[in-house]
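Peer 1: coordinates only, sequence not included:
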């Protein structure tokens, strides 16, 4: 009897650990799916929020930026229930070396979102005026900044912050659940857009500079298609009103406006666009892992059921029905699955943070809300229930499919359930083989990606980043030139060059519309390219050779005739006849 008890204890521990790993891994991936794809913005009526973009931006998978003049014209129209605009920046606060992630927000942003202030008040349209309102430049701070830097001081409202050498008055603290409109990037400082020229005086952005994202709030019951149709009918008037006075609409290639659902937020990093497919695929694979775990537990339970067959047969002989015993065994399985799910949730919480830390970013670490909400808990309950049915039902039916006399005589102890056991073994081997083949494909793909030619010499390349946000704009070019010159003279350095971003990324590139003289004319929605700023010597530092023409040189200064380099894709796109 003690031997049977020890055997059951070992089976229970092994089954619990197996289920904890399977449920934990699946829940961890679903937590990421929930945070990136499903979790709505913590605002009022998030399903009514839409982001303004264009058809070209959708095709190129980015969100187009607009001017304040465009936003000001749109918000004055009554076809939607409200409009808001924002932009991003990193600003120095109180002279500290670590900049604060900041958001330039329209004065009615919090009103349109239906967000009250935790302490104090929210930004208002009166604050979003040239130079600030009656209180001068003001700002709201995040709950996180209030907690970390002000120790949740109750008198924080009214205090003055030195933001980029400009005194700014704190008027309120945002709710703890709200940290901005960009998925994965929390903000700690919220300032009115119109105060940007005052605070960032070295780089003032006027009303016609395209640096804002625009979000609209649909009226109750209004469809996305209806709002898009109404907006496009107003598009010529909006474009005309938002152009600088010397220019005419014909000076620009503009494609139709487009509204995209923004209930789960937007992102400069495009987390949803980049990871929706991979996340769903990994979720499917982890569900397959959970199936293997359930098969393992079912296998163990079949063996455990053989050890308990005599006990079950005696209970059947004493009058217990087969379904009574099946229900009891399923209850035991449910308790086991519940223990595995509890351990799995702990494993998922740790694994989720680890996975987020592996997401590659340009310069700002990704921050996602991985807390368990009703979706996560509901998903865990569902997969736990299904796991119980998968590994508990068949062993329970098999263990109770026996006559009392046969169990007592031990005539068919080893023969009973053999076919079921063999079927489970075949299923385990098949699923394990599928997982091994899939893992092999992943490894092979990863190896091919790591060995793929990048177009430059990466073995001898060393990258460094410069944060010049607090250097006056008039001084930056001189400092950049000096850094490159000094670096190129260091021992062991062959060549040096600079650019606005690292390789294999377009996060720092600027999109622009163009028409090519003498080349192929494309529709406005397709005639968009990305501009990437480099210094002389950048191509040489990366070991990139030119197919034709010359490199950017020192004489290509601001006062010289503007020049540019284009890649082969540009030539094939606009000059297909003379393509290299």
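Peer 2: All right, it came through fine. As the structure is a computational prediction, the values presented were derived from the model and not from experiment.
Peer 1: correct me, but residue 471 touches residue 477?
Peer 2: No. Applying Cβ atoms under 8 Å, one finds residue 471 not in contact with residue 477, separated by 10.1 Å. Backbone N, C-alpha and C define where each C-beta goes, glycine included.
Peer 1: how about the helices of the stretch 301-450 of the chain, start to end?
Peer 2: 309-317, 322-357, 374-399, 404-409, 418-451 (DSSP state H, counting those that start in this stretch).
Peer 1: Flag whichever of those has the least confidence on average.
Peer 2: With a mean of 54, helix 404-409 has the lowest mean pLDDT of those.
Peer 1: partner strands of the longest strand along the chain, parallel or antiparallel?
Peer 2: What stands out as the longest strand in the chain, according to DSSP state E, is strand 82-91. As defined by DSSP bridges, the strand partners of strand 82-91 come to strand 100-105 (antiparallel), strand 213-217 (antiparallel).
Peer 1: Kindly reformat the ones you listed as TSV containing mean neighbour count.
Peer 2: Shown next, in TSV, are those (neighbours: other Cβ atoms under 10 Å):
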stretch	mean neighbour count
strand 100-105	24
strand 213-217	24
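Peer 1: Tell me which of the ones you listed sits nearest to residue 126.
Peer 2: strand 100-105 (13.8 Å; Cβ to Cβ).
Peer 1: Next, the buried residues of whichever helix or strand comes after the closest one.
Peer 2: Next helix or strand after strand 100-105 toward the C-terminus (DSSP states H and E): helix 109-113. Across helix 109-113, burial judged by 16 or more other Cβ atoms under 10 Å covers 109-113.
Peer 1: Just give me the closest of those residues to residue 552.
Peer 2: For those, the nearest to residue 552 is residue 109 (40.6 Å; Cβ to Cβ).
Peer 1: Does the closest one touch residue 84 like I think?
Peer 2: Yes. If you go by Cβ under 8 Å, residue 109 and residue 84 touch, sitting 4.3 Å apart.
Peer 1: May I see the strands paired with strand 82-91 arranged in TSV, with mean pLDDT and distance to residue 531 as well?
Peer 2: Converted to TSV, these look like this (pLDDT from 0 to 100; distance: least, Cβ to Cβ, whole Å):
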stretch	mean pLDDT	distance to residue 531
strand 100-105	91	22
strand 213-217	92	19
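Peer 1: quick one: which of these is nearest residue 482?
Peer 2: Residue 482 sits nearest to strand 100-105 of all these, at 27.6 Å, using Cβ to Cβ.
Peer 1: what comes into contact with that closest one?
Peer 2: Outside of strand 100-105, the residues within contact range by Cβ atoms under 8 Å, 6 or more residues apart in numbering are 84-93, 123, 145, 163, 180-181, 185-193, 196, 212, 364.
Peer 1: Among these, name the buried ones.
Peer 2: For the contacts of strand 100-105, a burial check counting by 16+ other Cβ under 10 Å picks out 84-89, 91-93, 123, 145, 163, 180-181, 185-193, 196, 212, 364.
Peer 1: and which of the buried residues of helix 109-113 is nearest residue 460?
Peer 2: Nearest to residue 460 among the buried residues of helix 109-113 is residue 109, at 47.4 Å by Cβ to Cβ.
Peer 1: what's the neighbour count on residue 229?
Peer 2: With neighbours defined by other Cβ atoms under 10 Å, the count for residue 229 comes to 12.
Peer 1: just residue 437 next, same as before
Peer 2: 10.
Peer 1: contacting residues for it?
Peer 2: If you count contacts by Cβ under 8 Å, 6+ apart, residue 437 has none.
Peer 1: gap between it and residue 288?
Peer 2: According to Cβ to Cβ, to the nearest Å, residue 437 and residue 288 sit 11 Å apart.
Peer 1: Check residue 127 too.
Peer 2: According to Cβ to Cβ, residue 127 stands 54 Å off from residue 288.
Peer 1: who's more crowded, the two?
Peer 2: Neighbours were counted for residue 127 and for residue 288 using other Cβ under 10 Å; residue 127 has more, 27 against 17.
Peer 1: hang on, isn't that one packed against residue 135?
Peer 2: Yes. Counting by Cβ under 8 Å, residue 127 touches residue 135, with 7.3 Å between them.
Peer 1: Spit out the residues that contact these two alike.
Peer 2: In contact with both residue 127 and residue 135: residue 171, using Cβ under 8 Å, 6+ apart.
Peer 1: Now residue 154: phi and psi?
Peer 2: Backbone torsions for residue 154, taken as degrees, to the nearest 10, come to phi -70, psi -20.
Peer 1: measure residue 355 to residue 32 for me?
Peer 2: Residue 355 is 6 Å from residue 32, by Cβ to Cβ.
Peer 1: now swap in residue 497 and tell me
Peer 2: Distance of residue 497 to residue 32, computed by Cβ to Cβ: 37 Å.
Peer 1: Looking at these two, which is more packed in?
Peer 2: When residue 497 and residue 32 are compared on other Cβ under 10 Å, the one with more neighbours turns out to be residue 32, at 22 against 18.
Peer 1: Over to the more buried one. Which of the three states is it?
Peer 2: Judged by DSSP: H, G, I helix; E, B strand; the rest coil, the three-state class of residue 32 is helix.
Peer 1: residues touching it, list them.
Peer 2: 279, 352, 355-356, 368, 370.
Peer 1: Distance to residue 562 and neighbour count added to those residues, as CSV?
Peer 2: Conversion of the contacts of residue 32 to CSV gives the following (distance: Cβ to Cβ, whole Å; neighbours: other Cβ atoms under 10 Å):
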residue, distance to residue 562, neighbour count
279, 43, 21
352, 48, 24
355, 45, 17
356, 42, 18
368, 42, 21
370, 47, 19
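Peer 1: With distance to residue 292 as extra columns, can I get these in JSON lines?
Peer 2: Output for these, formatted as JSON lines (distance: Cβ to Cβ, whole Å):
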{"residue": "279", "distance to residue 292": "20"}
{"residue": "352", "distance to residue 292": "21"}
{"residue": "355", "distance to residue 292": "20"}
{"residue": "356", "distance to residue 292": "26"}
{"residue": "368", "distance to residue 292": "28"}
{"residue": "370", "distance to residue 292": "25"}
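Peer 1: Now flag whichever of the residues you listed is closest to residue 74.
Peer 2: Nearest member of the contacts of residue 32 to residue 74, counting by Cβ to Cβ, is residue 368, at 30.5 Å.
Peer 1: Distance check, the closest one against residue 539.
Peer 2: 37 Å.
Peer 1: next one: residue 464
Peer 2: Residue 464 is 18 Å from residue 539, by Cβ to Cβ.
Peer 1: Those two: which has the busier surroundings?
Peer 2: Between residue 464 and residue 539, residue 539 has the larger neighbour count (other Cβ under 10 Å), namely 19 against 8.
Peer 1: host element of the more buried one?
Peer 2: Here residue 539, judged by DSSP H and E, is contained in helix 538-542.
Peer 1: Check which residues of that helix are buried.
Peer 2: Judged by neighbour count (16+ other Cβ under 10 Å), helix 538-542 contains these buried residues: 538-539, 541-542.
Peer 1: Ranking helices and strands of this structure by mean pLDDT, which lands last?
Peer 2: helix 404-409 (a mean of 54; mean pLDDT, DSSP states H and E).
Peer 1: mind giving me the domain ranges of this protein?
Peer 2: Using automatic domain parsing, the domains assigned to the chain come out as 2-39+271-357+364-451, 46-261, 473-574.
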